[in-house]
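Engineer: Give me the fold of what follows.
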Amino acid sequence: MSKKIIIVGGVAGGATAAARIRRLDEQAEIIVFERSGFVSYANCGLPYYIGGVIQDKEELTLQTPENFRERFRIDVRVRHEVTAIHPDKKTVSVKNLKTGEEFEENYDKLLLSPGARPVQPNLPGVGIDNLFTLRTVEDTLRIREFVLKEKPKSAVLAGGGYIGLEVAENLRELGMDVTIVQRPNQVLNPLDYEMATFVHAKMREKGIHLMLGHSVEGFEQKDGKTMVILKDGEPLKTDMVILAIGVAPDTRLAKDAGISLGIKNSIVVNERMETSAPDIYAVGDAVEVHHRITGQKALISLAGPANKQGRIAADNICGGNSSYKGSQGSSVIKIFDMTVATTGLNEQAAKQAGIDCDKVYLSPASHASYYPGGTMMTMKVLFEKETYRLLGAQIIGYDGVDKRIDVLATAMAAGMSALELQDLDLAYAPPYSSAKDPVNMAGFMIDNIETGTLKQFFWDEVGELPDDGSVVLLDTRTTEEYGRGHINGFVNIPLDELRERIGEIRRGFPVYVMCQSGLRSYLSCRILAQNGFDCYNFSGGYRLYETIYRDCVAAKQSYPCGMDKIN
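Structural biologist: Predicted coordinates:
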């Protein structure tokens with residue numbers, strides 16, 4: 001006897017599950033109800049249609065209801081909203097949004113893939129014209145139509161997450177004046193603040209205005225314009241507003257059906273993607289997952305996990321025994337010509353989870369320095385003290401960023417320690433890498449910490465260094481580099497002159513050394529340590545420090561940790 005399977009939500013996890021079920025069970029009756037007018041569409045591609053990078057709207061949909069019917073014999077019903085679930089009767093209530101017809105449909109197995117909805121703040125003026133959110137293809141078409149028809153000259157985006165930054169880039173590429181308003185003092189929460197400053201610099205370079213640390217309090221229409229009311233600033237006058245302040249699990253159906261909910265009202269599932277209700281599964285942005293690094297419950301709204309969960313739920317619906325091992329939040333985003341990628345925990349999240357962590361910063365080239373076209377990337381790799389367990393990584397740069405983050409994500413998933421990164425046998429040719437790949441280099445640095453060869457200090461500790469003469473502050477860049485900018489109190493002795501001038505350094509005091517990226521200062525520390533000095537290397541170098549400082553200047557924020565010492 002064939003099973004009847006109903007799937008609520010036809011994007012990402014739902015569409016993946018439907019196709020997988022059919023591959024496993026040719027006899028199953030599969031019905032997909034999708035509230036919007038499209039299924040299996042590429043959420044991550046929506047901003048690029050608004051900007052005209054993707055020109056054909058048909059390219060946004062990977063499958064159509066007709067395709068599903070013809071290839072998979074799956075009954076996909078768009079513009080059909082499931083309004084209630086009745087676990088006791090094993091039925092769902094459905095409304096045809098085209099005709100208004102309401103009916104009940106029975107099921108043997110039910111899969112919920114409702115996704116997440118944009119957060120709609122309860123602010124005055126929400127709902128006025130020229131104010132948009134972005135979740136569905138319909139939202140995208142509406143924004144694109146407005147842009148083409150009204151030809152707005154300016155836009156304000158409330159929110160600096162992935163969608164907000166992608167939309168900002170695309171609108172800016174259309175020639176619009178774009179402002180991002182964000183309550184935290186940085187964009188992209190998966191990044192730590194100091195890494196986010198490189199993103200801020202790129203966006204400002206491209207002409208996007210950043211109002212970080214500001215809160216939106218409401219919206220008004222005035223003289224054909226939309227006024228964005230700020231809590232702590234003058235109103236912003238603009239032609240359009242896009243709300244991108246985050247998403248929340250869309251779990252009303254599950255809640256009303258008595259299905260157990262977890263953090264932030266997400267749906268609780270086990271590793272088989274089963275909910276608390278018999279024969280009901282859930283996947284995607286609406287479910288609570290196990291974080292692979294912390295072991296804690298988490299919400300991770302990314303397409304990769306949603307698709308994997310859909311496959312796993314399908315396996316189990318069809319009598320298999322697949323399990324979801326958890327998420328670690330690997331992600332990548334294009335910001336103009338820059339690439340930003342993360343995996344695992346950032347430092348803030350690690351500390352919040354009670355993990356005692358350490359870190360290294362490095363600024364390697366994307367490929368061999370002698371081969372033309374190499375670009376610099378900035379890497380931050382986190383690991384647990386004592387155990388050297390890999391916790392997370394953040395990389396910002398141009399070529400090769402995605403490759404390195406995937407290597408690190410794989411190493412983390414495999415349970416490798418940070419020390420084992422130095423042993424990875426990675427592909428090398430001058431156009432693609434260096435003989436010592438950046439991932440290997442991170443491993444070498446961490447090994448130096450483990451052996452005591454490298455001792456570090458960090459950007460947020462500079463302001464705590466005493467200025468009473470009890471420490472020596474040394475800058476080993478060239479005279480020209482030092483002259484273009486340095487931190488007050490740091491004396492310049494270039495690396496190549498250090499051995500001859502070592503007598504100028506006072507003995508008996510700790511020596512804190514910096515250079516542009518951290519390499520020359522490390523070499524200097526090796527010289528000094530073998531000559532009897534207690535030496536600490538500035539991780540990330542002056543390049544990192546200056547980027548943070550410039551960000552504070554641009555944002556008109558107070559300088560953290562003594563940054564007013566820069567000259």
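Engineer: Sort out which residues of stretch 52-60 are buried, please.
Structural biologist: By 16 or more other C-beta atoms under 10 Å, the buried positions in stretch 52-60 come out as Ile54, Leu60. In short, each C-beta sits where N, CA and C put it, glycine included.
Engineer: what's the span of it, first residue to last?
Structural biologist: One end of stretch 52-60 sits 12 Å from the other (C-alpha to C-alpha, to the nearest Å).
Engineer: quick one: low-confidence parts of the protein?
Structural biologist: Low-confidence segments of the chain (pLDDT under 70): 1, 42, 557-567.
Engineer: Taking the chain centroid, which residue in it is the extreme one?
Structural biologist: Gly503 (48.1 Å; C-alpha atoms, centre = their mean).
Engineer: That one and Glu102, how far apart?
Structural biologist: Distance from Gly503 to Glu102, counting by C-beta to C-beta, to the nearest Å: 89 Å.
Engineer: To which secondary structure element type does the residue farthest from the centre of the chain belong?
Structural biologist: helix (DSSP: H, G, I helix; E, B strand; the rest coil).
Engineer: what's the distance between it and Asn531?
Structural biologist: From Gly503 to Asn531 the distance is 10 Å (C-beta to C-beta).
Engineer: Next: Asn170.
Structural biologist: For Asn170, the distance to Asn531 equals 55 Å [C-beta to C-beta].
Engineer: more neighbours, these two?
Structural biologist: Neighbour totals were compared for Asn170 and Asn531, and Asn170 leads with 22 against 13 (other C-beta atoms under 10 Å).
Engineer: in the stretch 51-200 of the chain, which spans are helices?
Structural biologist: Taking DSSP state H, counting those that start in this stretch as the test, the helices found in the stretch 51-200 of the chain are 65-67, 137-150, 162-173, 193-205.
Engineer: neighbouring contacts of the shortest one?
Structural biologist: For helix 65-67, the surrounding residues in contact (C-beta atoms under 8 Å, 6 or more residues apart in numbering) are Val39, Val76, Arg77, Val78.
Engineer: Quick check: the nearest residue to Gly164 once chain neighbours are set aside vs Thr451, distance?
Structural biologist: Nearest residue to Gly164, sequence neighbours excluded (C-beta to C-beta, 6 or more residues apart in numbering): Ala244, at 3.6 Å. According to C-beta to C-beta, Ala244 stands 46 Å off from Thr451.
Engineer: same question, Arg144
Structural biologist: Taking C-beta to C-beta as the measure, Arg144 falls 57 Å from Thr451.
Engineer: Which residue of those two possesses the greater neighbour count?
Structural biologist: Taking other C-beta under 10 Å, Arg144 and Thr451 do not tie; Arg144 has more neighbours (16 against 9).
Engineer: Surely that one touches Tyr48?
Structural biologist: No. The pair Arg144 / Tyr48 is not scored as a contact, 10.7 Å apart, by C-beta atoms under 8 Å.
Engineer: right, and the helix or strand after the helix or strand containing Arg22?
Structural biologist: Using DSSP states H and E, Arg22 sits within helix 12-24. For helix 12-24, the following helix or strand on the C-terminal side (DSSP H and E) is strand 29-34.
Engineer: following that next one, which helix or strand comes up?
Structural biologist: Downstream of strand 29-34, the first helix or strand assigned by DSSP H and E is helix 46-50.
Engineer: Would you format the helices of the stretch 51-200 of the chain as a markdown table with distance to Pro278 included?
Structural biologist: Formatted as a markdown table, these follow (distance: least, C-beta to C-beta, whole Å):
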| stretch | distance to Pro278 |
| --- | --- |
| helix 65-67 | 29 |
| helix 137-150 | 34 |
| helix 162-173 | 36 |
| helix 193-205 | 45 |
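Engineer: looking at those, which is buried most?
Structural biologist: Neighbour counts (mean count of other C-beta atoms under 10 Å) averaged over each of the helices of the stretch 51-200 of the chain peak at helix 162-173, with a mean of 23.
Engineer: burial count for Val247?
Structural biologist: Val247 is flanked by 19 other residues according to other C-beta under 10 Å.
Engineer: wait, it sits on Thr133?
Structural biologist: No. Applying C-beta under 8 Å as the test, Val247 and Thr133 come out as separate, 9.8 Å apart.
Engineer: So for the two, which residues contact both of them?
Structural biologist: Counting by C-beta under 8 Å, 6+ apart, the shared contacts of Val247 and Thr133 are Pro118.
Engineer: and the contacts of helix 65-67, which of them are in strands?
Structural biologist: Of these, the ones assigned to strands by DSSP state E are Val76, Arg77, Val78.
Engineer: most surrounded residue in the residues you listed?
Structural biologist: The most crowded member of the ones in strands among the contacts of helix 65-67 is Val76, carrying 25 neighbours; neighbours defined as other C-beta under 10 Å.
Engineer: out of everything not next to it in sequence, what's closest to Asp239?
Structural biologist: Nearest non-adjacent residue to Asp239, counting by C-beta to C-beta, 6+ apart: Pro152, 3.4 Å away.
Engineer: do you know how far that neighbour is from Met176?
Structural biologist: Taking C-beta to C-beta, one finds Pro152 at 6 Å from Met176.
Engineer: and the two? which has more neighbours close in?
Structural biologist: With neighbours defined as other C-beta under 10 Å, Pro152 and Met176 compare such that Met176 has more, 22 against 18.
Engineer: Residues in contact with stretch 493-507: which ones?
Structural biologist: Residues from elsewhere that reach stretch 493-507 (C-beta under 8 Å, 6+ apart): 472, 474-479, 511, 515, 520, 523-524, 527-528, 531-533.
Engineer: For those, I'd like a selection string for PyMOL - just the buried members, please.
Structural biologist: Here is the PyMOL selection string for the buried members of these, based on 16+ other C-beta under 10 Å:
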select buried, resi 472+474+475+476+477+478+511+515+520+523+524+527+528+533
